Structure formats: C-alpha cells, structure tokens
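In: following is a predicted model, sequence given first.
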Amino acid sequence: MIQAADFAKTLHLTELSPSTKTEWDIRTTDLNRPGMQFCGFYEYFAFERPQVIGKVEMTYLESLEPEARRQMLKEYFSYDLPCVVICRGMTPPEDLLQAAAARDIAVYQTDMVTTKFTFTAINYLNRCLAPRVTRHGVLVDVYGVGVLLTGESGVGKSEAALELVKRGHQLVADDVVDICRVSDDRLTGECPEMVRHFMEIRGIGIIDIRAMYGVGAVALSKSIDLVMHMEKWVEGKEYDRLGLSEEYITILGVKVPHQIMPVRPGRNLAIIIEVAARDLSLKRMGYSAAHELDRRLNEMIMKNSGQQ
C-alpha cells in the first residue's frame, strides 16, 4: 500500500482536487499516460497505476468540445484510479477536476516536466514496493563499499564499527538493519528511524554517533556489497587462508559476497574490514591477489618442470 500523503510530500506535489483516500493499493512500479484512453481505447487500460498527464494529453483535452470532453472524462474517471498527476505546472480544465471530485480521486500538479517526474516517481515506487527484510547486524560504509557485519550478540560488531567510524568511515545502522531489494541484483540497507545514528557499546551504554563525531560519520542508507560474518575463533577449525574460492550468501534472492572473520584477542578487526573492502574493490576491477599468486606459482612449477 502507498500512503497518499507520503507520495505527495516526497514528490513535491500540489493538491488540486482532494480525496478522502489515505492510501492506494498500488502493486506495480509503473505509471500510465492516458493518451490512448482519451481517444477511447480501453481494451488494455492500466487503471491501477498512477496516471500522468503531460503536454500531449493536455493539448488533446483542450482541443475537444466541452460536451465531448465531459463525456470522455466521465468514462475515464469511472475506473478506480489511484490518482492523477498533471506535469509542467499546467492548469487542467475545470470539468476534469469536477469529474475527479465526483469519483473521490485525487488530482495533483507538479512543475517537473513529464519525463523527469516519471523517472522520479518510478524510483519512489521502487523504494516503497521493494521486498524488505530486517537482519541483526551492523552496516558500515568503508571506502565506498557497504559492509554488513553479522554474528551472534556480543561478538564485537559494534566495537569494530566504532573503530571504523573513528578511522573516518560511516555508520549506517547498528544492531538492526532494514534491507530492501531495489533491483534484481542490488540490495540497500538503512536503519529504522527510531534508532538511527545510535549505537550500543557494552560497558558504556547508548551513544549518538552523529552528535559525537559529526554528520560526516553517518549515512542514511548504503548498498550492501559484502557480508562479513564474525564468529569466535575455534581452535582446530580450518579457515580460508588463500581466498581462491569466493563464497556468497543469498538475501532476498540477491547473491552477495560472504566472508567469515574469526575473532579473538589481538586481531585488529577494523583493519581487517578495511582490507576486505579494498580487496573487494580490486576484484571488481579484475584483479585478485590470490589468483595472481596462484598464476605465479604455476608459472614457476612449469618453468622448473621444463628445466628437468
């Protein structure tokens, strides 16, 4: 469900005809431009989408005779439209506002050109309708890489994030991370508004990162590029020491690089997280240190084999 007031406020719309409906049952991120409907074609009419009237549609409306326009608008508004948005700051005919009011359908006006409004509205609907899930963890922005720290409570996630903030990186969310899938291959995370910018440090309590370190130490949202699972060091357990194979974790149907970071006294977790973020950036550019070392070893083996 899309909240009507939030839709109008976020997209900076001016209300021309009010409606008693406070929310709309919109299930798609697309919009509809009703040019074909104004011409009488209703065989395929996406009336469940927000309706956008641009200069072409408005010019056609103004070209009609008053009686023909009223009949056309009566048929158009007979459908259960969520809302109508008029672009370019154009003033609609009075009979359009009357037809909308009779059916309790909101009409809005925007100064944006039609293409820009369409792009902005689709992005807004994508955020609102994106699949969401809440995870326990800490999300930080490290060198432009969104790193989600997971692990059982008390393993040191918040302490590692605090050290990263001190080193100039940004905190997005502590303890609770709201994750949404904004596209088929991209996840973003943010913090619930109630606990935004706050962090719990055992032995100290609740601290406000923004008040303590400034607005540059926090971010409202960040894409999730890497998941690092922190766990207590287990003696005898084999941990990855080469990095030749890449592991992934699936969140909301999106595969995200996943690494396990064993924790024990003496390991500087902040530096390890920084290195992991830089290493991921290098891999995205096509360079892997592990594969480069493997290539050199293979070349040396082949060279030595040829000399025998």
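Out: Perfect, I can see it now.
In: now the strands for the stretch 101-250 of the chain?
Out: 106-109, 132-142, 145-150, 170-183, 186-190, 198-201, 205-208, 221-223, 226-232, 247-251 (DSSP state E, counting those that start in this stretch).
In: out of those strands, deepest packed?
Out: Among the strands of the stretch 101-250 of the chain, strand 145-150 has the highest mean neighbour count (mean count of other C-beta atoms under 10 Å), at a mean of 24. (C-beta placed from N, C-alpha, C; glycine too.)
In: can you lay out the strands of the stretch 101-250 of the chain as JSON lines showing mean pLDDT and distance to residue 17?
Out: As requested, the strands of the stretch 101-250 of the chain are exported to JSON lines (pLDDT from 0 to 100; distance: least, C-beta to C-beta, whole Å):
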{"stretch": "strand 106-109", "mean pLDDT": "95", "distance to residue 17": "4"}
{"stretch": "strand 132-142", "mean pLDDT": "95", "distance to residue 17": "32"}
{"stretch": "strand 145-150", "mean pLDDT": "96", "distance to residue 17": "42"}
{"stretch": "strand 170-183", "mean pLDDT": "93", "distance to residue 17": "32"}
{"stretch": "strand 186-190", "mean pLDDT": "93", "distance to residue 17": "34"}
{"stretch": "strand 198-201", "mean pLDDT": "92", "distance to residue 17": "42"}
{"stretch": "strand 205-208", "mean pLDDT": "94", "distance to residue 17": "44"}
{"stretch": "strand 221-223", "mean pLDDT": "94", "distance to residue 17": "34"}
{"stretch": "strand 226-232", "mean pLDDT": "94", "distance to residue 17": "48"}
{"stretch": "strand 247-251", "mean pLDDT": "94", "distance to residue 17": "42"}
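In: could those strands be laid out in CSV, adding distance to residue 76?
Out: Formatted as CSV, those follow (distance: least, C-beta to C-beta, whole Å):
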stretch, distance to residue 76
strand 106-109, 12
strand 132-142, 34
strand 145-150, 45
strand 170-183, 33
strand 186-190, 37
strand 198-201, 49
strand 205-208, 52
strand 221-223, 38
strand 226-232, 49
strand 247-251, 42
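In: of all those strands, which lies closest to residue 100?
Out: Among these, strand 106-109 comes nearest to residue 100, with 4.8 Å by C-beta to C-beta.
In: from the contact counts, what lies against that closest one?
Out: Other helices and strands packing on strand 106-109, by 3 or more C-beta pairs under 8 Å, 6 or more residues apart in numbering; DSSP states H and E, are strand 14-17, strand 83-86, helix 94-102.
In: just the ones you listed: most buried one?
Out: strand 83-86 (a mean of 24).
In: the residue nearest to residue 152 when sequence neighbours are not counted and residue 299, how far apart?
Out: Spatial nearest neighbour of residue 152, excluding adjacent residues (C-beta to C-beta, 6 or more residues apart in numbering): residue 231 at 7.4 Å. Distance of residue 231 to residue 299, computed by C-beta to C-beta, to the nearest Å: 36 Å.
In: ok, now residue 254?
Out: If you go by C-beta to C-beta, the gap between residue 254 and residue 299 works out to 37 Å.
In: could you list the low-pLDDT ranges of this structure?
Out: The chain contains residues with pLDDT under 70 at 307-308.
In: please parse it into its domains.
Out: Following automatic domain parsing, one finds the domains of the chain at 2-128, 130-292.
In: count of residues packed around the closest residue to residue 76 other than its chain neighbours?
Out: Among residues not flanking residue 76 along the chain, residue 37 sits closest, at 5.7 Å (C-beta to C-beta, 6+ apart). For residue 37, the count of nearby residues is 20 (other C-beta atoms under 10 Å).
In: quick one: residue 37 from residue 7, how far?
Out: 22 Å.
In: I'd say the residue nearest to residue 152 and residue 155 touch.
Out: Yes: between residue 231 and residue 155 there is a contact at 6.7 Å, judged by C-beta atoms under 8 Å.
In: since that was my last question, I'll sign off now.
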